[in-house]
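# here's my sequence, what's the structure:
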Amino acid sequence: MTEDLIDCYRISKKLMPLLHLPVQSGSNNILKLMNRKHNINDYLLIYEKLKKINKSIEFSSDFIIGYPGESDQDFKKTINLIKKINFINSYSFIFSPRPGTVAEKLAIIDKSISEKRLKVIQNILFQNQINRHKFLEGTIVNVLVENQMKNKIKLFGRTEFMTPVIFSGNIKNVGKIIQVKIISSNQNSLFGKIIENYDQKVA
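Residues are numbered from 1 along each chain as shown. Model (predicted):
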């Protein structure tokens, strides 16, 4: 994330306000063991610069849980980072050694510990999604309609934050950007109805 790339979010109207910026861990110690070229301060600086440019920008990320050498303190630092950034969507996995890598020869953390940590992380990340989706109930969002669902009744689309939206509509809307009022939600999706008086846009 160079300065000129960050600045694109200031001047470009084409960039969506969702940035997937994988951090892998909230601990500098673990990032060093992973041979990553960034630290948490670097990550937070990028986050702060982008938020200053555009407050509507949100982040998603990736996390590797139970990397060899990860202590309870390292794990807590990952939790703290997640709570600070409030990622709207992220992917988390238990470390799995890949053949031919340095990490393949490292001592693996007890499986039960890794599984417990993964559950804790995912519960926090999932609650973030639930809270954000709940917040959107009653609001109107722009949706890019991707396809008609198998039941031939509902349409499927995504918001500018890549959030799935399901609603009734005509297949002719596929490929268009339309406005949808969000009625309800769950962890994974938003559910709504089309606003009849809107200006359709072709994606």
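# surely His38 touches Leu31?
Yes - using C-beta atoms under 8 Å, His38 makes contact with Leu31 at a distance of 6.7 Å. Quick note: C-beta positions are derived from backbone N, CA and C, even for glycine.
# who has more neighbours, the two?
Neighbours were tallied for His38 and for Leu31 using other C-beta atoms under 10 Å; the higher tally belongs to Leu31 (21 against 16).
# from memory that one sits against Asn39, does it?
Yes - Leu31 is in contact with Asn39 according to C-beta under 8 Å; the separation is 6.0 Å.
# mutual contacts of the two, please.
Both Leu31 and Asn39 lack any common contact, where contact means C-beta atoms under 8 Å, 6 or more residues apart in numbering.
# tell me the buried residues in the longest helix belonging to the chain?
For the chain, the helix reaching the highest residue count under DSSP state H is reported as helix 111-136. Across helix 111-136, burial judged by 16 or more other C-beta atoms under 10 Å covers Ser114, Arg117, Leu118, Ile121, Ile124, Leu125, Asn128, Gln129, Arg132, His133, Leu136.
# need the contact list for the closest residue to the first one other than its chain neighbours.
Spelled out, it's Ser114. Once flanking residues are discounted, Ser114 sits nearest to Gly66: 3.1 Å by C-beta to C-beta, 6 or more residues apart in numbering. Contact partners of Gly66, counting by C-beta under 8 Å, 6+ apart, are Ile94, Phe95, Ile108, Ile109, Ile113, Ser114, Arg117, Leu118.
# re the thing from before, heading C-terminal from the longest helix of the chain, find the next helix or strand.
Counting by DSSP states H and E, the next helix or strand C-terminal to helix 111-136 is strand 140-148.
# packing partners of that following strand?
strand 154-158, strand 164-168, strand 176-185 (3 or more C-beta pairs under 8 Å, 6 or more residues apart in numbering; DSSP states H and E).
# if you set the cut-off to 10 Å instead, what comes out?
strand 154-158, strand 164-168, strand 176-185, strand 190-194 (3 or more C-beta pairs under 10 Å, 6 or more residues apart in numbering; DSSP states H and E).
# tell me how this structure divides into domains.
3-136, 140-202 (automatic domain parsing).
# ok so, going back, with mean neighbour count and mean pLDDT added, can I get the helices and strands packed on strand 140-148 in CSV?
Formatted as CSV, these follow (neighbours: other C-beta atoms under 10 Å; pLDDT from 0 to 100):
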stretch, mean neighbour count, mean pLDDT
strand 154-158, 20, 96
strand 164-168, 18, 96
strand 176-185, 18, 96
strand 190-194, 20, 97
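# figure out which of the ones you listed is closest to Ile11.
strand 176-185 (21.4 Å; C-beta to C-beta).
# which residues sit against that closest one?
Outside of strand 176-185, the residues within contact range by C-beta atoms under 10 Å, 6 or more residues apart in numbering are 129-130, 132-145, 155, 157, 159-160, 163, 165-167, 169, 190-203.
# cutoff 8 Å now
130, 133-134, 136-145, 157, 165, 167, 169, 190-195, 198, 200-203.
# just stretch 27-40 next, same as before
Applying C-beta under 8 Å, 6+ apart, the set of residues contacting stretch 27-40 is 23-26, 64, 67-71, 73-75, 77-78, 81, 102-103.
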